[in-house]
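# This is a predicted model, with the sequence first.
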Amino acid sequence: MAPEITGRTRPTKRKKHARTQKRKRDNVDVEKLEEAVRELDTKASYTSFSDLPLSAPTAEGLKSAHFSSLTDIQAKAIPLALKGSDILGAAKTGSGKTLAFLIPVLENLYRAQCIGPDAGLGAIIISPTRELAIQIFEVLRKIGGKGHLFAAGLIIGGKGLREERDALARMNIVVCTPGRILQHLSQTSSFNVDNLRMLVLDEADRIMDMGFKKDVDAIIEYLPPDRQTLLFSATQTKRVSDLSRLALKEPEYISVHEAASTATPKTLQQNYTITPLPEKLDTLWSFLQSSKKSKILVFLSSGKQVRFVYESFRHMQPGIPLLHLHGRQKQTARLEITQKFSQAKYSCLFATDVVARGLDFPAVDWVIQVDCPEDADTYIHRVGRTARYEKAGRAVLFLDPNEEEGMLRRLEQKRVPIERINVRSKKQSSIKNQLQSMCFKDPSLKYLGQKAFASYVRSLHIQKDKDVFKLDGYPLEEFAASLGLPGAPRIKFLKADAEEVKRRKNAPRAEMALVESEDDTDEDGEEKGKGKNGVVRTKYDRMFERQNQDILADHYAKMLHHGDERDKVDLNKLDGEQVGDDDLFDVKRRIPAGEALSSDDDEEEGDATSLNGAAAAPGELGPKSITVPGATMPLILDSKRREKLLKSKAKLLKHVGGKGSKLVFDDDGNAHQIYELEDEADFRARGAADEQRKRFLREEEERVREADERDKVVAKEKRRDKREKRKEREREEVDGEVGGAEEDEGEQNLMANFAADAESGDEEEEAEPEPKRQKKWFQKDVKAEEEEEREIGTLDELEAEAQRLLG
Ligand SMILES: Nc1ncnc2c1ncn2[C@@H]1O[C@H](COP(=O)(O)OP(=O)(O)OP(=O)(O)O)[C@@H](O)[C@H]1O
């Protein structure tokens with residue numbers, strides 16, 4: 001086989017001739033093989049590869065890779081697969097499932113002579129992650145690379161579409177991720193899958209899961225129904241829905257560990273320790289301190305957690321090389337890290353579930369699960385990164401007391417043997433103070449901590465297994481403090497339906513396989529503002545995702561630096577609102593009093609100043625400041641909302657620092673306080689106090705009498721107007737009745753009633769409320785009417801009237 005990723009040089013004439021000769025030999029071989037496969041007894045127990053009817057190139061490849069004896073899954077699956085059966089294969093982690101499907105792929109295509117560019121695509125092998133696809137491709141190359149003439153390739157994104165498209169046209173075997181192969185199936189018209197014979201899904205349960213559901217269903221639509229399908233996973237089930245979705249034909253279910261007492265390798269020692277959430281990092285740090293000569297894989301729930309733990313631990317120099325891996329890293333970085341960890345003797349890799357499945361890191365001593373896995377299947381895959389193929393390994397799960405009962409129940413249901421261990425208190429050290437001081441000194445670390453906190457809490461929120469993850473039960477304030485944060489950032493939870501929760505739950509892992517969309521968009525310049533699942537990301541999100549894997553981008557660091565300085569200024573010089581720790585993205589622009597140019601008293605037209613206090617050119621865009629009379633500091637107009645707010649006099653009073661005072665203006669327009677104390681000398685000059693009082697009363701009586709007469713005249717005029725209007729109305733009604741239509745009768749009667757009502761209440765003030773008038777209409781209270789008709793004129797009359805009523 002001549003596997004290739006992309007772009008293969010055209011074979012020379014000599015090579016072509018050699019190939020033709022080889023094919024002739026192979027034809028003879030193929031006939032013999034076909035017969036041997038037909039006679040193969042699938043019930044027999046085979047122990048060695050040499051027991052199986054395999055082609056010479058495959059046998060040679062296996063030999064050179066030092067594979068001689070069959071593992072259980074290989075012994076059961078390969079004979080059936082050679083005979084063309086569809087297979088659902090389940091076997092523990094590290095038990096050799098990769099060869100269990102790769103050998104049948106090579107052999108079945110070989111016997112069908114599906115070889116060379118003209119033969120077309122014979123097999124598609126789908127993996128949920130790029131790393132796993134690469135690993136599968138490497139194994140394929142190892143066993144088939146020397147003797148076979150197949151053209152094989154990797155289609156996982158990260159390369160230009162056109163480059164992959166050209167290579168695809170010549171391929172016989174493709175190892176791919178779901179998103180990328182679907183992209184080719186739907187966009188590459190020359191991509192012909194009519195000759196496809198085999199479809200393989202590694203980590204099939206994962207690929208059939210919600211995160212890939214749509215892609216897989218769409219891929220199946222493109223493929224010919226007459227094909228062989230092989231599904232493998234350590235947690236494979238015979239879910240009927242999967243069988244029908246993939247149109248499997250009488251599939252053979254091979255589960256080599258179903259009868260076993262445990263679902264995990266026997267050579268794996270599994271423990272859990274009760275570690276309250278706020279102590280997790282202390283325990284992890286203490287563990288690393290006591291295991292420096294080990295290869296350790298640490299699982300955390302999100303990329304943000306990974307970044308924070310990696311960055312903070314790195315600064316504390318733990319004495320063991322640290323690495324970190326998550327789905328948001330660039331492909332090249334991810335590959336480099338995977339290789340480094342594979343080759344390392346002692347190292348600690350902080351990772352998300354991106355490496356939970358399938359990856360075959362050699363000689364991992366410990367798998368530490370700092371964050372509880374979402375379910376027992378994920379647990380099984382995570383711990384399966386150690387104790388592979390009969391080697392020993394250890395796994396420790398950190399459980400918050402809140403998670404203990406639920407998670408242990410789930411593990412028991414899946415036949416996972418796990419025992420409790422306690423952390424030796426002597427060995428346990430606290431890094432809380434160190435983290436706090438690091439976060440205090442380094443805003444970028446604090447920012448990462450806040451993001452890590454938020455992503456962890458959100459991940460708890462969207463966990464579907466509420467028996468295990470009860471958000472209310474976690475001590476979140478203490479957890480924030482344990483990350484070195486001065487307080488727990490506020491988290492917004494988006495409402496999500498069950499499907500959405502599932503999709504998000506799957507997102508971190510789905511991202512791995514679909515990450516080409518992210519990388520491609522970088523290269524092709526498409527959809528730059530969008531992340532996976534169409535979520536819009538800000539410039540700063542992107543900065544963190546791409547440029548700040550290790551050290552923050554300059555621009556962002558500057559922003560943080562400035563933000564920090566502003567905080568200091570605020571605290572030192574302003575007594576206004578402070579920027580709280582929750583104000584993660586809230587950059588408030590303020591300047592200290594005295595630095596801004598003050599304007600004239602006109603509060604609406606403050607001089608334009610730049611942030612550092614220098615005057616801005618006319619028309620220049622920038623924040624304006626205004627100085628409010630009496631205010632302790634100039635106020636910055638840096639947004640329309642703020643400007644509007646500041647222009648409100650009532651609001652401004654807040655800044656002036658006192659309450660408003662009411663003034664009255666005299667005829668000359670001079671302002672006076674409402675209560676002004678007169679000068680005593682002036683008062684005495686006007687005569688004796690008693691005299692003045694009497695004079696004042698007389699003047700006031702006169703004033704009231706005049707006002708009273710004016711009011712009386714106005715009231716009479718109103719009554720006359722009213723009477724005239726009523727008569728006018730009555731005249732109209734009479735006219736209407738004479739020539740009126742019958743259908744208006746009711747209405748006219750009603751109107752007449754109201755007219756009568758109006759008449760009876762004639763002497764009342766026009767503004768008298770109607771119900772009262774109506775009441776009178778029915779009550780016919782004559783005495784009251786008479787009383788009301790009595791006209792009350794002057795103040796004296798009013799007083800006399802009051803006396804009469806009282807007495
Ligand atoms: N027949 C064999 N003889 C010796 N070693 C083998 C054999 N088959 C597989 N191995 C080795 O066992 C290890 C695990 O194999 P593989 O990665 O295929 O496991 P797996 O069952 O796919 O695990 P996982 O479920 O984690 O994906 C590999 O290092 C592989 O080289």
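Nice, thanks for sending it over. What you see is a predicted model, and the numbers here were worked out from it, not measured in a lab.
# what are the ranges of the strands in the stretch 151-300 of the chain?
Here the stretch 151-300 of the chain has its strands, by DSSP state E, counting those that start in this stretch, at 152-155, 173-176, 198-202, 228-233, 252-255, 268-274, 295-299.
# taking those strands together, which one is wrapped up most tightly?
Ranked by mean neighbour count, the strands of the stretch 151-300 of the chain are led by strand 173-176 with a mean of 28 (mean count of other Cβ atoms under 10 Å). Glycine gets a C-beta too; all of them are placed from N, C-alpha and C.
# ok, which residues in the stretch 201-350 of the chain are in contact with the ligand?
residue 234 (Cβ under 6 Å from any ligand atom).
# Then the stretch 351-500 of the chain?
Near the ligand, when you scan the stretch 351-500 of the chain using Cβ under 6 Å from any ligand atom, you find 358, 360, 384, 388, 389.
# top of these by neighbour count?
residue 384 (28 neighbours; other Cβ atoms under 10 Å).
# ok, back up a step: could I get the strands of the stretch 151-300 of the chain as TSV with mean pLDDT?
Shown next, in TSV, are the strands of the stretch 151-300 of the chain (pLDDT from 0 to 100):
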stretch	mean pLDDT
strand 152-155	95
strand 173-176	97
strand 198-202	97
strand 228-233	96
strand 252-255	92
strand 268-274	97
strand 295-299	98
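# now for these, which one comes closest to residue 95?
strand 228-233 (10.3 Å; Cβ to Cβ).
# Restricting to C-alpha, output the closest one in CSV.
C-alpha atoms of strand 228-233 as CSV (Å, rounded to 0.1, in the frame of the first residue of the first chain):
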residue,chain,number,x,y,z
GLN,A,228,-20.5,-3.9,4.8
THR,A,229,-20.7,-1.8,8.0
LEU,A,230,-18.4,-2.3,11.1
LEU,A,231,-19.1,-0.5,14.3
PHE,A,232,-16.6,-0.6,17.2
SER,A,233,-16.4,0.9,20.7
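# got a list of what residue 282 touches?
428, 429, 430, 431, 432, 482 (Cβ atoms under 8 Å, 6 or more residues apart in numbering).
# re the thing from before, pipe the strands of the stretch 151-300 of the chain into JSON lines and attach distance to residue 330 per row.
As requested, the strands of the stretch 151-300 of the chain are exported to JSON lines (distance: least, Cβ to Cβ, whole Å):
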{"stretch": "strand 152-155", "distance to residue 330": "17"}
{"stretch": "strand 173-176", "distance to residue 330": "19"}
{"stretch": "strand 198-202", "distance to residue 330": "24"}
{"stretch": "strand 228-233", "distance to residue 330": "28"}
{"stretch": "strand 252-255", "distance to residue 330": "38"}
{"stretch": "strand 268-274", "distance to residue 330": "33"}
{"stretch": "strand 295-299", "distance to residue 330": "21"}
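# Out of the contacts of residue 282, which end up buried?
When the contacts of residue 282 are checked for burial by 16 or more other Cβ atoms under 10 Å, the buried set is 428, 431, 432, 482.
# Can you check which of the strands of the stretch 151-300 of the chain gets nearest to residue 474?
Closest approach to residue 474 among these (Cβ to Cβ): strand 268-274, 13.7 Å.
# Which strands or helices does the closest one pack on?
Secondary-structure packing of strand 268-274 (3 or more Cβ pairs under 8 Å, 6 or more residues apart in numbering; DSSP states H and E): strand 393-399, helix 401-413, strand 419-420.
# any idea which of those is most buried?
strand 393-399 (a mean of 24).
# Pairing partners for that strand, with directions?
Its sheet considered, strand 393-399 pairs with strand 268-274 (parallel), strand 366-369 (parallel) by DSSP bridges.
# Among these, single out whichever gets nearest to residue 129.
Closest to residue 129 of the strands paired with strand 393-399 is strand 366-369 (Cβ to Cβ; 17.3 Å).
# Now the closest one: average pLDDT?
Strand 366-369 carries an average pLDDT of 98.
# Residue of the stretch 101-250 of the chain closest to the ligand, please.
Closest residue of the stretch 101-250 of the chain to the ligand, Cβ to the nearest ligand atom: residue 234 (3.9 Å).
# so how many other residues sit close to that residue?
Residue 234: 25 neighbours (other Cβ under 10 Å).
# who's in contact with the residue nearest to it when sequence neighbours are not counted?
In this structure, residue 234 finds its nearest non-sequential neighbour in residue 93, 4.6 Å apart by Cβ to Cβ, 6 or more residues apart in numbering. Residue 93 sits next to 234, 264, 265, 380, 381, 383, 384, 385, 387, 388 when contact means Cβ under 8 Å, 6+ apart.
# Mind doing that once more with 10 Å?
233-235, 257, 263-265, 268, 356-358, 360, 380-389 (Cβ atoms under 10 Å, 6 or more residues apart in numbering).
# same question, residue 318
Residue 318 sits in contact with 284, 285, 288, 289, 292, 348, 431, where contact means Cβ under 10 Å, 6+ apart.
# Now do it against residue 427, distance only.
Separation of residue 318 from residue 427 (Cβ to Cβ, to the nearest Å): 14 Å.
# Surely residue 410 touches residue 465?
Yes. Contact criterion Cβ atoms under 10 Å: residue 410 and residue 465 qualify, at 7.2 Å.
# Spit out the residues that contact these two alike.
372, 375, 376, 403.
# Return the distance of the closest residue to the third one other than its chain neighbours relative to residue 378.
Counting by Cβ to Cβ, 6+ apart, residue 414 is the residue found nearest to residue 376 once chain neighbours are left out, at 4.1 Å. Residue 414 sits 11 Å away from residue 378, taking Cβ to Cβ as the criterion.
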